[in-house]
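**Student:** Sequence and computational prediction follow.
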Amino acid sequence: MSLGKYSTFSDNPSSLLLFLSDFLTFLILSDLFHCFYRGNAWLIFKINVSLADKSDELNMKKITIAIDGFSSCGKSTMAKDLAREVGYIYIDSGAMYRAVTLYSIENGIFDGDIIDTEKLKKEIGNIHISFRLNKEGRPETYLNDVNVEDKIRSMSVSSKVSPISALDFVRKEMVAQQQSMGAKKGIVMDGRDIGTTVFPNAELKIFVTATPEIRARRRYDELKAKGQEASFDEILENVKQRDYIDQHRDVSPLRKADDALLLDNTNLTIAQQKEWLFDQFNKVTN
Ligand SMILES: Nc1ncnc2c1ncn2[C@@H]1O[C@H](COP(=O)(O)OP(=O)(O)O)[C@@H](O)[C@H]1O
Ligand SMILES: Nc1ccn([C@H]2C[C@H](O)[C@@H](COP(=O)(O)OP(=O)(O)O)O2)c(=O)n1
């Protein structure tokens, strides 16, 4: 039997070296081939996975998320976090009622605590509210193209916003604007009536609550951190008053939608409530 060029090991010992060197070359080449093949296979796998990811992204069902609850319990904090992470639009519906209140204060619609409803009704069409991202990517509220983000959080607005938001024609206008903002889904909106009136078919509804004292403490800390004048007792009183007015008004009173999940975050940190909300989002979307 011919062993070709290796047939004469015994005759020529150098042929053994030749055989070993060829064998080694074969091993190296086969290893290289393997690496190359596996490398390409890995690359193809990665391309497929990322294409699948992309198509998942493109086909992913966008949902509507409604977060309602009592004043100052952390609704917008959790809503903003979720919206940023999942690439949804975030709308603070309370900011819209606050902007209408600021407009009313600045345009002679208030006489003390009395509201000139006829004047406001005539002017409601002149009130244009929009949200724009600031340099840090956080949404800020604009009233007729003027940034009013800080002004609308002041105590003078907080103390007048509940009666303004109880007016039916104000609510009708705001709800219409909110519904058009959420027409394409992929939105997180927080407020008082989002799960009950604005988006009754929202796929995920959350109702947040915490004790009035802890909510007042959170708001107090926030105002202090911004360097604004604040009295804890005044804030606590305002929180309680607004809870009452918001729950007892005729139009869209604050209440938990039957299909909303209840979250009492009195003893939760911001990170814990964020994690809880993400879990709920994943349950609905996966
Ligand atoms: N779980 C929490 N623990 C402590 N502070 C919180 C928590 N959630 C929110 N906050 C803080 O409380 C304040 C009110 O929160 P915010 O999200 O504006 O409430 P809401 O939108 O319900 O009025 C903010 O300063 C926020 O940073
Ligand atoms: N969807 C909404 C959102 C807010 N409101 C009203 C009731 C609230 O007292 C005011 C202010 O809302 P906002 O969410 O800014 O109030 P807090 O941040 O919780 O203090 O607006 C409402 O009636 N309906």
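**Tutor:** Noted; the coordinates are in hand. Computed from a predicted model, the values in this text were never measured in an experiment. Ligands and ions are numbered 1, 2, ... in the order given.

**Student:** Is the residue positioned nearest the centre of the chain in a helix, a strand, or coil?
**Tutor:** The residue lying closest to the centre of the chain (CA atoms, centre = their mean) is A83, at 2.1 Å. Under DSSP: H, G, I helix; E, B strand; the rest coil, A83 falls in the helix class.

**Student:** how far away is it from I65?
**Tutor:** To I65, A83 is 8 Å away according to CB to CB, to the nearest Å. Heads up, the C-betas are built off the backbone N, CA and C, glycines and all.

**Student:** interface residues of the stretch 151-286 of the chain facing ligand 2?
**Tutor:** Contacts of the stretch 151-286 of the chain with ligand 2, taken as CB under 6 Å from any ligand atom, map to V161, S162, S165, G191, R192, D193, I194, R242, D246.

**Student:** mind running it again at 5 Å?
**Tutor:** Within the stretch 151-286 of the chain, the positions near ligand 2 by CB under 5 Å from any ligand atom are V161, S162, S165, G191, R192, D193, R242, D246.

**Student:** Look up phi and psi at the fourth one.
**Tutor:** Translated: G191. Here is the backbone geometry of G191 (degrees, to the nearest 10): phi 170, psi -140.

**Student:** May I have the residues that are in contact with it?
**Tutor:** I67, D68, K75, D92, S93, G94, Q178, V198 (CB atoms under 8 Å, 6 or more residues apart in numbering).

**Student:** Near the first one, how many other residues are there?
**Tutor:** When counting by other CB atoms under 10 Å, one arrives at 27 neighbours for I67.

**Student:** Check the fourth one too.
**Tutor:** The local packing count at D92 equals 22, with neighbours defined by other CB under 10 Å.

**Student:** sorry, back to before: turn the contacts of G191 into a markdown table, columns for pLDDT.
**Tutor:** Shown next, in a markdown table, are those (pLDDT from 0 to 100):
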| residue | pLDDT |
| --- | --- |
| I67 | 98 |
| D68 | 98 |
| K75 | 96 |
| D92 | 97 |
| S93 | 97 |
| G94 | 96 |
| Q178 | 96 |
| V198 | 98 |
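
**Student:** Can you list the low-confidence ranges for the protein?
**Tutor:** Where the chain drops to pLDDT under 70, the residues are 1-59.

**Student:** mind listing the strands in it by residue range?
**Tutor:** Along the chain, counting by DSSP state E, strands occupy 64-69, 89-92, 110-111, 114-115, 129-133, 139-143, 146-147, 187-191, 204-209, 261-264.

**Student:** what's the last one packed up against?
**Tutor:** Translated: strand 261-264. If you count contacts as 3 or more CB pairs under 8 Å, 6 or more residues apart in numbering; DSSP states H and E, strand 261-264 packs onto strand 204-209, helix 270-285.

**Student:** Same check on the second one?
**Tutor:** The contact analysis (3+ CB pairs under 8 Å, 6+ apart) places strand 89-92 against helix 75-86, strand 139-143, helix 168-181, strand 187-191.

**Student:** Out of the ones you listed, flag the one nearest ligand 1.
**Tutor:** Ligand 1 sits nearest to helix 75-86 of all the helices and strands packed on strand 89-92, at 3.3 Å, using CB to the nearest ligand atom.

**Student:** okay, now the nearest residue to I194 once chain neighbours are set aside: neighbour count?
**Tutor:** Of all residues beyond its chain neighbours, the one nearest I194 is A66 (3.8 Å), with distances taken as CB to CB, 6 or more residues apart in numbering. Neighbourhood size, A66 [other CB under 10 Å]: 29.

**Student:** and what of N265?
**Tutor:** For N265, using other CB under 10 Å, the count is 22.

**Student:** Isn't it up against V208?
**Tutor:** Yes. The pair N265 and V208 passes the contact test of CB atoms under 8 Å, sitting 6.1 Å apart.

**Student:** Find the residues that touch each one of those two.
**Tutor:** Residues touching both N265 and V208 (CB under 8 Å, 6+ apart): C73, G74.

**Student:** tell me, what's touching A83 and I65 both at once?
**Tutor:** Taking CB under 8 Å, 6+ apart as the contact rule, A83 and I65 both touch I187, V188.

**Student:** who are the neighbours in contact with the residue lying closest to S156 once chain neighbours are set aside?
**Tutor:** Leaving aside its sequence neighbours, S156 sits nearest to I105 (CB to CB, 6+ apart; 6.6 Å). By CB under 8 Å, 6+ apart, the contact list for I105 reads S156, V157, K160.

**Student:** Tell me how many other residues crowd A79.
**Tutor:** Neighbourhood size, A79 [other CB under 10 Å]: 26.
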